[in-house]
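[1] Sequence first, then the predicted structure, then my questions.
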Amino acid sequence: MQRISILLFCAFAISCGTQNQITYSWANKNFQSTGPYKKIFVAALVANPHVRTHLEEEMGIAAAKQGFEVARSWDYFPPTFENKNPPSRETMIQKIRSLECDLIFTINLTDKKSETRYIPNSMGFYGPYPGYGMYFWGFYSYWYPFFYDQGYYVTDRYYFMEGNLFDTKTESLIWSVQTKTINPSSIEDFSKTLIQTLLEKAMKDLK
């Protein structure tokens, strides 16, 4: 397989930002390349237009920096008032082939959820403290202020994403990865750090 070409496609940048975790990845070791690969079609298969454009922008800019010609799904399948969802597989593959793209990279949201948890008051490590002595009045005076610290609740947001790399000619899956993102600070940060996380894993899996 032309792994160098594929890695160049994936080689956007490596850094840390929003917390991302790789939960699963798979590389098709039996795939025989139909390359050389020169042009890539990138598609974020999500209904939210803002998220979709940012994800495709990050993928497209990075791939172009590596010398690839890029086609973004947004440029050919923009959402309309009647239908905000991405196009069907048949419609998309027909367009991809007409554009003479060699590779296809997709990102989609597989699940999202929220969890609320309680953060207790900040008492820290508890143990016998000699400052209040061995009597009740000293113990009570020391801990009294903490009795009224009620703690607070926070809601964590989890986004589960999947990335897939395909060979256009055969439609064979070359590489697949799944991630979990916790509490993204913004869509921009979410898009950039997600792509960066995928790159780091791709560099390991596609050697």
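    Right, received. Where do you want to start? Residues are numbered from 1 along each chain as shown.
[2] CA only for contacts and neighbour counts going forward, please
    OK.
[3] Show me where this structure has its helices.
    3-10, 49-65, 73-76, 89-98, 136-143, 187-205 (DSSP state H).
[4] now for the second one, which elements pack on it?
    Using 3 or more Cα pairs under 8 Å, 6 or more residues apart in numbering; DSSP states H and E as the contact definition, the elements that helix 49-65 packs against are helix 3-10, strand 39-45, strand 69-72, helix 73-76, helix 187-205.
[5] Of those, which shows the lowest average pLDDT?
    Note on the helices and strands packed on helix 49-65: helix 3-10 shows the lowest mean pLDDT, a mean of 46.
[6] quick check: domain ranges of the chain?
    Using automatic domain parsing, the domain ranges for the chain come out as 3-112+158-205, 117-152.
[7] would you list these in TSV and tack on mean neighbour count?
    Converted to TSV, the domains of the chain look like this (neighbours: other Cα atoms under 10 Å):
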stretch	mean neighbour count
domain 3-112+158-205	17
domain 117-152	11
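[8] Could you identify which of the ones you listed has the lowest mean pLDDT?
    domain 117-152 (a mean of 59).
[9] Kindly check the end-to-end length of that one for me.
    Its first and final residues considered, domain 117-152 spans 9 Å by Cα to Cα, to the nearest Å.
[10] same thing with stretch 96-112?
    29 Å.
[11] For residue 159, give me its contacts.
    109, 111, 112, 113, 180, 181, 182 (Cα atoms under 8 Å, 6 or more residues apart in numbering).
[12] mind listing which of those are in strands?
    Within these, residues falling in strands by DSSP state E are 109, 111, 112, 113, 180, 181, 182.
[13] Quick check: bridge partners of the second one?
    Per DSSP bridges, residues listed as beta-bridge partners of residue 111: residue 160.
[14] my guess is it contacts residue 160, does it?
    Yes. At 5.0 Å, residue 111 and residue 160 qualify as touching, with contact defined as Cα atoms under 8 Å.
[15] returning to that earlier point: including distance to residue 166, could the helices and strands packed on helix 49-65 go into a markdown table?
    Listed next are these as a markdown table, based on distance: least, Cα to Cα, whole Å:
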| stretch | distance to residue 166 |
| --- | --- |
| helix 3-10 | 10 |
| strand 39-45 | 10 |
| strand 69-72 | 14 |
| helix 73-76 | 15 |
| helix 187-205 | 13 |
